[in-house]
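Participant: Give the three-dimensional model of this entry:
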Amino acid sequence: MDMIKKPKIWLVVLALMHTFMGVIGSYVQMGGDTEHLAVILYFLSVSVYLLYAAFMTEGQEQARLATVLCAPVVVWFVISAAMGLEIMGVPVAEFPSGLLPITLWTLPMVTGILNWNSN
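Facilitator: Modelled structure (predicted):
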């Protein structure tokens, strides 16, 4: 049970899901042409940041980095869902399909907040 309270686990899960659904899924859906390459590379760079936070930091530093990386994305998803925003004609967080990414970004944020002052 203590394992699910660690930001590292959720950062790795989020990075893997972000890579598979964000990078590979976008590539398959939009194609690899240069028109969409910037979006695909951006998704990939976010996955690298998440993996850095998971494997190159520990303890309090990791918890704070997880919170700082994930909290703005959670806020962005909530605002996007409320306003019905789209990226390239696709809704950002359409319900109910938007619940999975919101949940995956919220878990490292919450565990980061819970471990904010850990050693």
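
Participant: C-alpha from now on. contacts and neighbour counts both.
Facilitator: Noted.

Participant: Mind telling me which residue is nearest the centre of this protein?
Facilitator: With distances taken as CA atoms, centre = their mean, the chain has Trp105 as the residue nearest its mean C-alpha position (4.7 Å).

Participant: pLDDT at that residue, what is it?
Facilitator: Residue-level confidence at Trp105 comes out at 95, pLDDT.

Participant: hang on, isn't it packed against Val73?
Facilitator: Yes - using CA atoms under 8 Å as the test, Trp105 is close enough to Val73 to be in contact (7.0 Å).

Participant: helices or strands up against the host helix or strand of Thr111?
Facilitator: Taking DSSP states H and E as the definition, Thr111 sits inside helix 99-114. Applying 3 or more CA pairs under 8 Å, 6 or more residues apart in numbering; DSSP states H and E, one finds that helix 99-114 makes contact with helix 7-17, helix 59-83.

Participant: next one: it to chain centre, how far?
Facilitator: The gap between the average C-alpha position of helix 99-114 and the chain average comes to 8 Å, counting by CA atoms, centre = their mean, to the nearest Å.

Participant: buried sites along that helix?
Facilitator: With burial defined by 16 or more other CA atoms under 10 Å, the residues of helix 99-114 counted as buried are 101-102, 104-114.

Participant: Repeat that for stretch 91-99.
Facilitator: Residues Val92, Ala93, Glu94 are the ones in stretch 91-99 that count as buried (16+ other CA under 10 Å).

Participant: Just give the nearest non-adjacent residue to the first one, would you?
Facilitator: Read it as Val92. Leaving aside its chain neighbours, Val92 sits nearest to Glu86 (5.2 Å; criterion: CA to CA, 6 or more residues apart in numbering).

Participant: Distance-wise, check the one you found relative to Ala63.
Facilitator: From Glu86 over to Ala63 the distance is 31 Å, taken as CA to CA, to the nearest Å.
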